[in-house]
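Colleague: Could you work out the structure for the sequence below:
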Amino acid sequence: MAQRPKARTGRPPQRREPTIRDVAARAGVSLATVSRVLNNSALVSEEKKRRVLAAVAALGYTPHEAARSLVRRRTNTVAFILPEVSGDFYSQLLKGAELAAREFGFHLLVSGFHGESAEVRKTLRATRGRVDGIVLMWPEVHRDGLLSAIPEGTSVVLLGGAEDPHHPSLALDNVAGTEAAVRHLVSLGHRVIGHLQGPETNLDAQARRHAFLSVIRQTPGAVAVELPGDFTEGRGYEAAPLFLAQKPRPTAIFAANDASAIGLLLRLAELGVAVPEEISLVGFDDIPLARLVNPPLTTVAAGAEELGRKAVELVAASPPHPQPQRVLLPTRLVVRRSTAPPKEQP
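Modeller: As a prediction, the model looks like this:
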C-alpha cells in the first residue's frame, strides 16, 4: 500500500540558533579562544581574533548574557576569609561588610580558618570560579605561600598583616591608637604600667606592644610590666593575679584587645581589686560589650565595621590586578570609667 505524502504545514523549518561551538568549529579554534575573544582578552593573537570575529559575523552568533557572565566570572559574590567568624570584633567587621555588599549588589561568603594555613589554602582554592573577589585577613607574621593559592584573575584585598606589593591592603592604625591609650594613662599619673600582650606572631599585637614600649621609654620614671597573652578573655582572667603579684605592682594595665581586658576586669572584681580605684584598665577594639561592663571600659575604637565596609568598597573598585595600595584606618581613644589617677601610696 502506497504511503500518503505528508501534509505541509506551510511554515518553514525553524532555523537553529548558532552556538559558541559552531563559532569555534568555523574559526578552527578552541571554545576557550572564542570566549577570550568575546570578552576582549589580550591573550589571543590578532590572526585568531580575526577568524573568530569573522565566524561570529557569518553565523550571526549572539552571545548569551548569562553565559558571558559565567565566562567573565562575574558572580556578584565576595568571600571573606577570617581567622574567626565569632566574637564581637568579627561580628562588627561582617556587619560593615554586609551593609556595603548590599549597596554594591554583592553576596557574601564567609569562612573561618582558626589559624590553620592549610585550611586557608584549601578555602582559597575552593573559591575558584565562585567569587569575584576575596577579602583575606591573615594577621600573622608568616603567610606560608598563602597568596599563591588565590585563583588567577580574582580581585583580592588583604586585611591586617604585612603590606603586600601585589594586592591592596587595609590595616588599623595600631601605633596611634596604642600611643593615645598609654599616654592617657601617663597623663593621669601612672608610671608602673602593665601590658597584657596579644599572640606573639600576630602583627597587630606586635605593633601595639612596640608602641606601648615606645611611650614607656619616652616617659621619665615609667616602668613596663608585661605578660604574654592571646587575645582571649580566658587569658585575661588568668593574668589578673599574675599582675597583682608583680614587684612593683602596676597601677594601670593596657590590654592588647577588649576581650582580654574584660577577662582581667572580671577576675579583678572577684579578687576584690577595684577598677579604677586600685588599677586602671584600658583595652583595644571598642567592641559593643566594652560599654556594658562595670565599669565601662576605656578603650581604643578600632572601627571594625568601617574595616569591613572599606574592604568591600576596595573589592568593588578593584580590577583583578589593581595597583597595590595600603590604606590605614584611623583609631581613636574612647575614655570611660575604667581609668582614673592612681591611688596615693601610703
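
Colleague: ok, which stretches of the stretch 151-300 of the chain are strands?
Modeller: Assignment of strands within the stretch 151-300 of the chain using DSSP state E, counting those that start in this stretch yields the ranges 155-159, 169-172, 192-196, 223-227, 252-255, 280-282, 299-301.

Colleague: Give the other helices and strands that the fifth one contacts.
Modeller: The reference is to strand 252-255. Packed against strand 252-255 by the contact rule (3 or more CB pairs under 8 Å, 6 or more residues apart in numbering; DSSP states H and E) you find helix 174-187, strand 192-196, helix 258-270, strand 280-282. For the C-beta atoms, the positions are set from N, CA and C on the backbone; glycine is no exception.

Colleague: Mind listing the strands it pairs with, and their directions?
Modeller: When pairs are called by DSSP bridges, strand 252-255 turns out to pair with strand 192-196 (parallel), strand 280-282 (parallel).

Colleague: In the chain, where is pLDDT below threshold?
Modeller: Low-confidence segments of the chain, defined by pLDDT under 70, are located at 1-16, 40-41, 63-74, 115, 141-145, 318-323, 345-346.

Colleague: ok so, going back, nearest to Leu242 among the strands paired with strand 252-255 would be which one?
Modeller: Each of the strands paired with strand 252-255 was checked against Leu242 via CB to CB, and the shortest separation belongs to strand 192-196, namely 9.4 Å.

Colleague: re the thing from before, now the strands of the stretch 151-300 of the chain in CSV, with mean neighbour count?
Modeller: Output for those, formatted as CSV (neighbours: other CB atoms under 10 Å):
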stretch, mean neighbour count
strand 155-159, 24
strand 169-172, 22
strand 192-196, 25
strand 223-227, 18
strand 252-255, 31
strand 280-282, 27
strand 299-301, 25
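
Colleague: got a markdown table for those strands, with distance to Leu53 too?
Modeller: Rendered in a markdown table, the data for these read as follows (distance: least, CB to CB, whole Å):
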| stretch | distance to Leu53 |
| --- | --- |
| strand 155-159 | 29 |
| strand 169-172 | 40 |
| strand 192-196 | 66 |
| strand 223-227 | 68 |
| strand 252-255 | 64 |
| strand 280-282 | 66 |
| strand 299-301 | 56 |
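
Colleague: closest one to Ala54 among these?
Modeller: For the strands of the stretch 151-300 of the chain, proximity to Ala54 was assessed by CB to CB; strand 155-159 is nearest, at 33.5 Å.
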